[in-house]
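K.L.:
Provide a 3D model corresponding to the input given below.
(chains A and B)
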Amino acid sequence: EAGVTQSPTHLIKTRGQQATLRCSPISGHTSVYWYQQALGLGLQFLLWYDEGEERNRGNFPPRFSGRQFPNYSSELNVNALELEDSALYLCASSLSQTTAGNTIYFGEGSWLTVV
Amino acid sequence: AQSVTQPDIHITVSEGASLELRCNYSYGATPYLFWYVQSPGQGLQLLLKYFSGDTLVQGIKGFEAEFKRSQSSFNLRKPSVHWSDAAEYFCAVGGYSSASKIIFGSGTRLSIRP
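P.N.:
Down below sits the predicted model:
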């Protein structure tokens, strides 16, 4: 069974540009989560989608946005990139978290470098 | 407010020695708890999880963790570490209510001394 897959693996952008990161959840999983892992800052919760709807959002500015598609895949968009957006972006998936208690499984991450 | 504290930023132990990584949580309701491991440049792998029942949980790679409600702790242990255990370890907490997100601790980096 395929795990959570993310693309691209690495992405280099310049300040002010937009970045789009993609995530395919494990088959059967309807919840998708995005986390930012910047150097020295641990895992910061960004967004949680379930059944196509945004369920929760972390303390990030509106230029961080995303969506979930009917096939439950998801994309994260970061507009007006800033240098401090450079980080590893991790996607995770689980069975519907609205029932609570489900384990989340992570992908390998997408490295975003802003220069 | 929900929070997870991993008080040790970096721990070094000798290969073959025992290991205990600390995790304390603050949660207003019955939590469920996880430990994940992250090798350099990679995603997070689930080591073990506690939802209910037996407070001593066995995981992969010889790890175990004990849930102590009275101490709000969920410490990770391994009786004898291997060089391949060098990695970053994250404790996480979630809740049983809908729309509760999983909160991660800041991580503990484990180094192994040959």
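K.L.:
these two touch, right, residue A:12 and residue A:110?
P.N.:
No: with contacts counted by C-beta atoms under 8 Å, residue A:12 stays clear of residue A:110, the gap being 11.5 Å. C-beta coordinates here come from the backbone N, C-alpha and C atoms, glycine included.
K.L.:
More neighbours: which of the two?
P.N.:
Taking other C-beta atoms under 10 Å in any protein chain shown, residue A:12 and residue A:110 do not tie; residue A:110 has more neighbours (22 against 13).
K.L.:
State the three-state secondary structure for the spatially most central residue of chain A.
P.N.:
For chain A, the residue nearest the mean C-alpha position is residue A:34 (2.9 Å; C-alpha atoms, centre = their mean). Classification of residue A:34 using DSSP: H, G, I helix; E, B strand; the rest coil returns strand.
K.L.:
Excluding chain neighbours, what is closest to it?
P.N.:
In space, and not counting its chain neighbours, residue A:34 is closest to residue A:46: 4.1 Å by C-beta to C-beta, 6 or more residues apart in numbering or on different chains.
K.L.:
Might one say that residue B:78 is in contact with residue B:60?
P.N.:
No: with contact defined as C-beta under 8 Å, residue B:78 and residue B:60 do not form a contacting pair (11.0 Å).
K.L.:
quick one, which of the two is more surrounded?
P.N.:
Shown here are residue B:78 and residue B:60; by other C-beta under 10 Å, residue B:78 has more neighbours (21 against 10).
K.L.:
host element of the closest residue to residue A:56 other than its chain neighbours?
P.N.:
Nearest non-adjacent residue to residue A:56, counting by C-beta to C-beta, 6+ apart: residue A:48, 4.4 Å away. Assessed by DSSP states H and E, residue A:48 sits inside strand A:42-50.
K.L.:
quick one: pLDDT of residue B:100?
P.N.:
Looking at residue B:100, its pLDDT reads 61.
K.L.:
ugh, typo on my part, it should be residue A:58
P.N.:
The per-residue pLDDT of residue A:58 was computed as 89.
K.L.:
Ok, residue B:6 next?
P.N.:
If you check residue B:6, the pLDDT there is 96.
K.L.:
For chain A, see how far away it is.
P.N.:
9 Å (C-beta to the nearest C-beta, to the nearest Å).
K.L.:
Let me see the contact set for that residue.
P.N.:
B:21-23, B:89-91, B:105-108 (C-beta atoms under 8 Å, 6 or more residues apart in numbering or on different chains).
K.L.:
try it again with 7 Å
P.N.:
Neighbour list for residue B:6: B:22-23, B:91, B:105-108 [criterion: C-beta atoms under 7 Å, 6 or more residues apart in numbering or on different chains].
K.L.:
Buried residues of the next helix or strand after the strand holding residue A:48, list them for me.
P.N.:
The helix or strand immediately downstream of strand A:42-50 is strand A:53-57, counting by DSSP H and E. For strand A:53-57, the neighbour count (16 or more other C-beta atoms under 10 Å in any protein chain shown) marks A:55, A:57 as buried.
K.L.:
re earlier: okay, and the beta partners of the residue nearest to the centre of chain A?
P.N.:
Bridge pairing for residue A:34 (DSSP bridges) gives the partners residue A:47, residue A:91.
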